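> No sequence on hand, only this structure:
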């Protein structure tokens, strides 16, 4: 090996070691939790009482085992076409009552909702596909 090759190898190794020291053993990247699935209720004909609706979803996992909380986007009507409210909970369910949502859950109205998981480092998944239901 000549002197130029040795210097090149030393520079590459130095850069590699520098990058490792900057990122640490965990790689320095905080990964997002999995997208919540299994949303219920999820059927336009699934009539719900107008006093209380319980939203359920499956637990997300975090690849780095950080604690997770959930953000729920709730829409009156179709997603994107309506007023929405956001709720946050550490649980995999949320009870919505008349006083929580727009003052009341209206009878014979379609609602849609989606959920995303957010870890303790404030890195979130994408929102789930929207689920919807109709009140009685």
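Received the coordinates, thanks. Computed from a prediction, not measured in an experiment: that's the story for all the values here. Residues are numbered from 1 along each chain as shown.

> Can you tell me the SS state at residue 85?
For residue 85, the secondary-structure state derived from DSSP: H, G, I helix; E, B strand; the rest coil is strand.

> For it, which non-adjacent residue is spatially closest?
Ranked by Cβ to Cβ, 6 or more residues apart in numbering and with sequence neighbours excluded, the top spatial neighbour of residue 85 is residue 74, at 5.1 Å. Just so you know, the C-beta spots here come from the backbone N, C-alpha and C atoms, and that holds for glycine as well.

> cool, and residue 105?
For residue 105, the nearest residue in space outside its immediate sequence neighbours is residue 50; the separation is 4.5 Å by Cβ to Cβ, 6+ apart.

> can you give me the strands in this protein?
43-48, 52-56, 68-76, 84-89, 93-97, 110-119, 131-135 (DSSP state E).

> other SSEs contacting the fourth one?
Going back to what we said before, that points to strand 84-89. When contacts are defined as 3 or more Cβ pairs under 8 Å, 6 or more residues apart in numbering; DSSP states H and E, strand 84-89 sits against strand 68-76.

> coming back round to it: output the strands of the chain in JSON lines; the columns should cover mean pLDDT and distance to residue 33.
Shown next, in JSON lines, are the strands of the chain (pLDDT from 0 to 100; distance: least, Cβ to Cβ, whole Å):
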{"stretch": "strand 43-48", "mean pLDDT": "68", "distance to residue 33": "26"}
{"stretch": "strand 52-56", "mean pLDDT": "86", "distance to residue 33": "17"}
{"stretch": "strand 68-76", "mean pLDDT": "90", "distance to residue 33": "5"}
{"stretch": "strand 84-89", "mean pLDDT": "85", "distance to residue 33": "14"}
{"stretch": "strand 93-97", "mean pLDDT": "83", "distance to residue 33": "17"}
{"stretch": "strand 110-119", "mean pLDDT": "92", "distance to residue 33": "4"}
{"stretch": "strand 131-135", "mean pLDDT": "85", "distance to residue 33": "19"}
